[in-house]
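[1] sharing a model prediction with you, sequence too.
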Amino acid sequence: MAAPLTLLLIVAVTIRAVLFRSSLAELIPERVEVVSPLNAWKRVVEGLALLDLGVSPYAGDVFHETPLIIYFFHFVSDYAEIVFMMADALTAVALYLAVKDYNKTVFRKQKYALEAERYPLDCLELIRTPKEMYYIPLKVAMFYLLNPFTILSCVAKSTCGLNNAVIALFILCTVKGSSLMSAIFLALATYQSIYPLTLFAPALLYLLQRLYIPVNWQRSSFWLFTTQYTFMYLGSLCVMVCLSFFLLSSWDFLSSVYGFILSVPDLTPNIGLFWYFFAEMFEHFRLFFICVFQINVFFYTIPLSIKLKEHPIFLIFMQIAIISIFKSYPTVGDIALYMAFLPAWNHLYRFLRNIFLVSVVLLACSTLFPVLWHLWIYAGSANSNFYYAITLLFNVAQILLVSDYFYAYLRREHHLTHGLYLKRKDGSEATLVLK
Amino acid sequence: MAAHRCNIFMLVFVLCGLTYVLVRAEIEDTNHVKDAESVAVDIAPKANIGASLRSTKTEDQTQAAEEERQWEAETNPVDAPSDNKADHVHDTMQNLDSRPAPYVKDQTQEAAEEERQWEATEVKEADHVPDTMQTPDVPPPTPAKDQFQEELVIRPLHSGDIYASFQFRTMWDTDFLRGSKVSHYRLFPKSLGQVISKFSVRELHISFTQGYWRTMQWGQPFLPSPPGAELWVWFQDTVTDVDGAWKELTNVLSGIFCASLNFIDSTNTVQPSASFKPLGLGNVTDQRFLRYAVLPREIVCTENLTPWKKLLPCGSKAGLAVLMKSEKLFHSSFHSQALHFRPVCQDWKCKSTVWELRQTLNVVFDLHTSGQGKREWSLFKMFSRTLTEACPLASSSKVYVDVTDNPQGELFELSPTTPLLSQAVVLGDRRTYSVYDLTNQATFGQTRSLNMLLRWRAAESGDMLRPLLHGERYVAGYGLQTGEIHTLMYNNHPYRAFPVLLLDTVPWYLRLYIHTLTVTSKGRDNKPSYIHYQPSKDRLRPHLLEMLVQLPPNSVTEVTMQFERALLKWTEYTPDPNHGFYVGSSVISALVPSVVAMDTNSTRECPLFSSFFPCKEESSYFMRVYTEPLLVNLPTPDFSMPYNVICLTCTVVAVGYGSLYNLLTRTFQVEEPSPGLAKRLANIIRRLRGVPLL
């Protein structure tokens, strides 16, 4: 298995290296779909230039990276291309290892269930085979590395790639059962962009599951572990924030990074829902709608955790997808991360309802983004509504994709308990509905 | 009906009130005039050929210093009198012997007049200087409280246009700083005086300009100003809440000048660290007390001129101000009115300070639109008025005509002629002026009115000396996403390099990237020796970039910087968003090597011992150049559809919420076919009848 992965890594790095040397390397970092005010490389360079001038990078409203990032790039800004390629490779390898480990767990569970004869007899079709699962980790790595979205993001040197790497490492550590590392990486991801906070719940659920601690409010072992994990998480988050404070000896970064993410003052167009909505918002409703839209991202965590408490990895996937759809400054790099998980849910394919439509819409939108951007910004023959319409469609497609996978997952679980071919009372073939 | 009656009563009431106010104003006015007349009487002897000691004493310190220098120039006639203040026109009486005199028709009269002028000047200097030199310890007699001077400079431009520059100076001898409440105003405008004392202003400079000064065609203006409105204020160091005082002050000034100065807020106010130093006395250079703002979009028109004229002691009733007819002043290529308030020395020893209010108005009349293409200018043609008297309150009232390019009268003919000549070093160049003294009744001649006429003999005028420093600015790039600001600075000096301070204020919605800043001259990187950069904060403060760049001789230095155009909230756009957004002019401040110093093989008669080292005052002079303001387009949202956008986006969020909610709350169940409508109806009837259901 190592050989194909190596080959894949070599191919991916080659593609990126070629693109870095091509004329596209100047064009791509300007694309609003690829970079946002939060993670544009141009703004990192600006922050470094401000530091060199002796001005705090947070004195202005151009730089919104965290202090650790700016100190990181202070040393490696000359090797930025290598750093970003390595970050992509790291993400892919981490996802590869994580999915491999996860598949083993899934297979083992399935074996126990089969031995216990818990599955209905007609569900043998749904049983996953080692042969089918063998290539899934590689496919996940491939989906990440060769995804045009990831490549674009890497060539644009969007720091989104680094955030993805941190999240991938967090998933790897969680799957491997290392609660300390998991908490540290989760804290790092939260420190970078707040939203991964919602991944706390699935990580906790997974680690509990791994330690065979049932989620039971009466059990002290549950509370013990939860407190332990929370402390590790909050402790490392606290260390990072304090370290940032000592690096710059000011708290300016809090408002400039987190305030900027939460209050959405920069309305530069992107693929998300925020920019046009808040550009057209009535001033006295602004605060209300900002609250509504931000709460929306965090809102699904608890119900999803309850519904999917037996399936924390799928819960992680759902959370990452929701974050990347509803976050304030989304870029294609965020989408690439959750799309990398799609091969892991290959077995849901037979239950997906409108995957064809959704994939066609996603493809069409991806090509229409630059076209309509050109018409609006350069040709002047279209206006902002054109671009906005495409972002709307793109987000609807993403929502449909995610909810379709969620539906398929739930349906498969239902079939695994109730049998695949359900009959009505009168013996005729039944159809499943949500009620 | 009742409402109508009510209205009529209201009208009558208002009318009564108005009448009362008018009558009161009339009374006050007459009082004021009486008051002023007494002052005029007081000053009258001096206004004469006035070599009296007392009159020279009343001059302020700068004047005294100048005169002293003049005296030196007379006794040691090597250095032309000069003034290191670029904006100060300097008058020195010169002996007409040193130059051919084609100005006067009658030779004998000329000789007599020459003699008289020469005598007069000499007497004046001779009287003045020994006194001031010999008795430095004796305190001078208490000077007249306030003074007023007015002058008009007319400079024919090489393009055929004509440049007229009015300057009015009111001195205010008061001490509003020490808490003494000033309630009595003589010459100084009360409306302004109250504002200045209320907000503890140390210096105030405000200008309203319509049009752009074309340096390459017109040369340097006496007082540069950027298009639109410019305001900069130094507050006293006793002011604690500078921002609050600034905010209130701008609003008050907005009311006084009927201008949109109330649009000055934190998003267009900066505190330059080096470009705007105090012009008056005082060594407070802590930039915390400085505020600078430009409104490049401000349209200047009659409603700004009228309040400005009202600040003059004579209003527009007498003196030079009668020329200010707005329909003529605004029918011009360039119009700039300014007001400068600063502390200056009272006497040459500078023991006490007085406050100087200098009101200036600069106009350039176009050859084709105002002059009908004929190179023939007169006061009447320019202003549709002639001069009949000086302002009675003015201690000096003069008209200067620049005749430097016309020493032999070969270029244009100036009538009526005047025997008085004055020479001054203005903006590093030695200029000669014909002087008309309006306080002298002889100036007005038989017709009791002065209408100067400049008639060109040659169709083309000679080459203009290129301004040594010149700036340009433009936006490069296309599309509405990014762009690049280019600032070009020309050093036209053939062999001297000099440093310039460049100040750029860019609004926050053009996000500048300082790392893209490049400064190149002659194809090579020219690293600024000092950079002060203050990045912008969205909706709070603009970008401020100040840097010190050395301009190599005879070169163009290009400063480029990339920016990104922000998408604003729909309420933040101007009513005409596709017109674009203005970015104020860059300010280039420099000490420019003087043209006089450049003149190494001078044809001028001067002793060799004096001309080896260039004199310090003359070797360079301060200059400020404003570049063009920029007009930048920003991407715009569709202003017609806030409701649609809110609805559509909320729908998408609701789709997401709905589908997840659906999956989260419901469970899978086998669908039981629901009976058809007919069957259900039948069952309802059967249930009512008590019959078993179908």
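    Perfect, thanks for sending it.
[2] state the mean pLDDT of the helix or strand containing B:Leu305.
    B:Leu305 is part of helix B:302-310, with elements assigned from DSSP states H and E. Helix B:302-310 shows a mean pLDDT of 93.
[3] kindly report the same for stretch A:288-296.
    Average pLDDT, stretch A:288-296: 96.
[4] buried residues in stretch A:216-236?
    Buried residues in stretch A:216-236, defined by neighbour count with 16 or more other CB atoms under 10 Å in any protein chain shown: A:Phe222, A:Phe225, A:Tyr229, A:Met232, A:Tyr233, A:Ser236. (Glycine included, C-beta is placed from N, CA and C.)
[5] format these as a markdown table; extra columns: distance to chain B and pLDDT.
    Output for these, formatted as a markdown table (distance: CB to the nearest CB, whole Å; pLDDT from 0 to 100):
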| residue | distance to chain B | pLDDT |
| --- | --- | --- |
| A:Phe222 | 23 | 94 |
| A:Phe225 | 26 | 95 |
| A:Tyr229 | 25 | 96 |
| A:Met232 | 29 | 96 |
| A:Tyr233 | 25 | 97 |
| A:Ser236 | 31 | 97 |
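[6] tell me the residue of the stretch 301-450 of chain B that sits nearest chain A?
    Proximity of the stretch 301-450 of chain B to chain A (CB to the nearest CB) peaks at B:Glu303, 31.0 Å away.
[7] that residue contacts B:Ser260, correct?
    No - if you go by CB atoms under 8 Å, B:Glu303 and B:Ser260 don't touch, sitting 10.9 Å apart.
[8] of all the residues in the stretch 351-500 of chain B, which one is nearest chain A?
    Closest to chain A within the stretch 351-500 of chain B is B:Gly479: 4.2 Å, counting by CB to the nearest CB.
[9] quick one on the thing from earlier: more neighbours: which of B:Glu303 and B:Ser260?
    A direct count of neighbours by other CB atoms under 10 Å in any protein chain shown for B:Glu303 and B:Ser260 places B:Ser260 higher, at 16 against 13.
[10] which residue is the nearest non-sequential neighbour of that one?
    Leaving aside its chain neighbours, B:Ser260 sits nearest to B:Glu298 (5.8 Å; criterion: CB to CB, 6 or more residues apart in numbering or on different chains).
[11] count of residues packed around that neighbour?
    Neighbour tally, B:Glu298, other CB under 10 Å: 20.
[12] surely it is in a strand?
    No - B:Glu298: not assigned to a strand; according to DSSP: H, G, I helix; E, B strand; the rest coil it is coil.
[13] and it, how far from chain A?
    26 Å (CB to the nearest CB, to the nearest Å).
[14] you'd agree that residue is up against B:Ser207?
    No - with contact defined as CB under 8 Å, B:Glu298 does not reach B:Ser207; the gap is 10.1 Å.
[15] which neighbours do these two share?
    Common neighbours of B:Glu298 and B:Ser207, counting by CB atoms under 8 Å, 6 or more residues apart in numbering or on different chains, are B:Ala229.
[16] which non-adjacent residue is nearest whichever residue of chain A sits closest to chain B?
    Residue nearest to chain B within chain A: A:Gly60 (2.3 Å; CB to the nearest CB). Once flanking residues are discounted, A:Gly60 sits nearest to B:Pro535: 2.3 Å by CB to CB, 6+ apart.
[17] please apply the same query to B:Trp355.
    Distances taken as CB to CB, 6+ apart place B:Trp172 nearest to B:Trp355, at 4.2 Å, with adjacent residues excluded.
[18] OK, contacts around that neighbour?
    Listed by CB under 8 Å, 6+ apart, the contact set of B:Trp172 reads B:Asp146, B:Leu187, B:Phe188, B:Gly193, B:Val354, B:Trp355, B:Glu356, B:Leu357.
[19] buried ones among those?
    Buried among the contacts of B:Trp172 by 16+ other CB under 10 Å: B:Asp146, B:Leu187, B:Phe188, B:Gly193, B:Val354, B:Trp355, B:Glu356, B:Leu357.
[20] closest to B:Ser225 among the residues you listed?
    Closest approach to B:Ser225 among these (CB to CB): B:Leu357, at 16.7 Å.
[21] residue ranges with poor pLDDT in the stretch 501-650 of chain B?
    By pLDDT under 70, the weakly predicted segments of the stretch 501-650 of chain B are B:596-618.
[22] what secondary structure does B:Met216 sit in?
    Applying three-state DSSP: B:Met216 is helix.
[23] endpoints of stretch A:127-146, how far apart?
    Using CA to CA, to the nearest Å, one end of stretch A:127-146 lies 29 Å from the other.
[24] residues near the closest residue to A:Met281 other than its chain neighbours, how many?
    Nearest non-adjacent residue to A:Met281, counting by CB to CB, 6+ apart: A:Phe289, 6.0 Å away. Neighbours of A:Phe289 under the rule other CB under 10 Å: 19.
[25] okay, and A:Phe289 sits in which element?
    Assigned by DSSP H and E, A:Phe289 belongs to helix A:286-299.
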